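# Sequence unavailable; structure follows:
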């Protein structure tokens, strides 16, 4: 049985109610709960959480699935705080031991001290920006993808812990041109392709 840990990084703040990421998280949990090959746990960063329990969830899981909006081209501050608090709790306690270097040769092996080897992670993000802002010449992101552009640091963070990336999904234009039914259908197909058919 595979263990899946789902993190809803959507934040209730300002004009954002976090509803899109609530829907994606609920769909994810339901998908795995309805498949006997999986056991699932989930966390919502808007509720009180115990950092020690969150570290145990990382250690328990085979796959961590992150759902987050992107605010000002970064994680929302509540989700960033969650990462800072939980990963600090996980220092020499299951997430990472060190940065991987030795004092004998400090120039090499940075980023090899993670202790989550053998585990995988998947990221979904939601954007006000349309997909074309990333793909069309002359548009805002200079033809740099979500993963190679704004989320590059997030992916390196997970690599630092020892985890490997599973192909995720990015949802665009969710404020001005949202189609949650279409997005949920595409997402269900993605989950089925990644976790059942592969």
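All right, it came through fine. Since this is a predicted model, take the numbers as computed values, not measurements.
# what about the closest residue to residue 168 other than its chain neighbours, which SS state?
In this structure, residue 168 finds its nearest non-sequential neighbour in residue 123, 4.1 Å apart by CB to CB, 6 or more residues apart in numbering. Placement of C-beta: from N, CA and C, glycine included. At residue 123 the chain is in strand, as set by DSSP: H, G, I helix; E, B strand; the rest coil.
# now residue 123: how far from residue 15?
24 Å (CB to CB, to the nearest Å).
# again with residue 6
25 Å.
# wait, what's in contact with residue 98?
92, 113 (CB atoms under 8 Å, 6 or more residues apart in numbering).
# any idea how far residue 191 is from it?
Applying CB to CB to residue 98 and residue 191 gives a distance of 35 Å.
# quick one: residue 114 and residue 92 touch, right?
No. Assessed by CB atoms under 8 Å, residue 114 is found out of contact with residue 92, at 11.7 Å.
# So which of these two has more stuff around it?
residue 114 (21 against 10; other CB atoms under 10 Å).
# Quick check: beta-bridge partners of that one?
residue 96 (DSSP bridges).
# picking that back up, enumerate every residue touching the residue nearest to residue 168.
Contacts of residue 123 by CB under 8 Å, 6+ apart are 65, 66, 68, 147, 151, 154, 155, 165, 168.
# Could you list the residues in contact with the longest helix along the chain?
Under DSSP state H, the helix in the chain containing the largest number of residues is helix 19-33. Here helix 19-33 makes contact (CB under 8 Å, 6+ apart) with 4, 6, 8-10, 38-40, 42, 44, 65, 67-69, 124, 126, 171, 174, 178, 180, 183-184, 187-188, 191, 195.
# Look at the residue positioned nearest the centre of the chain and give its secondary structure.
Centroid-nearest residue in the chain: residue 66, 2.6 Å away (criterion: CA atoms, centre = their mean). State at residue 66, reduced to three classes by three-state DSSP: strand.
# Make residue 1 into 488 and carry on from there
OK, 488 is where the count begins now, so the last one is residue 553.
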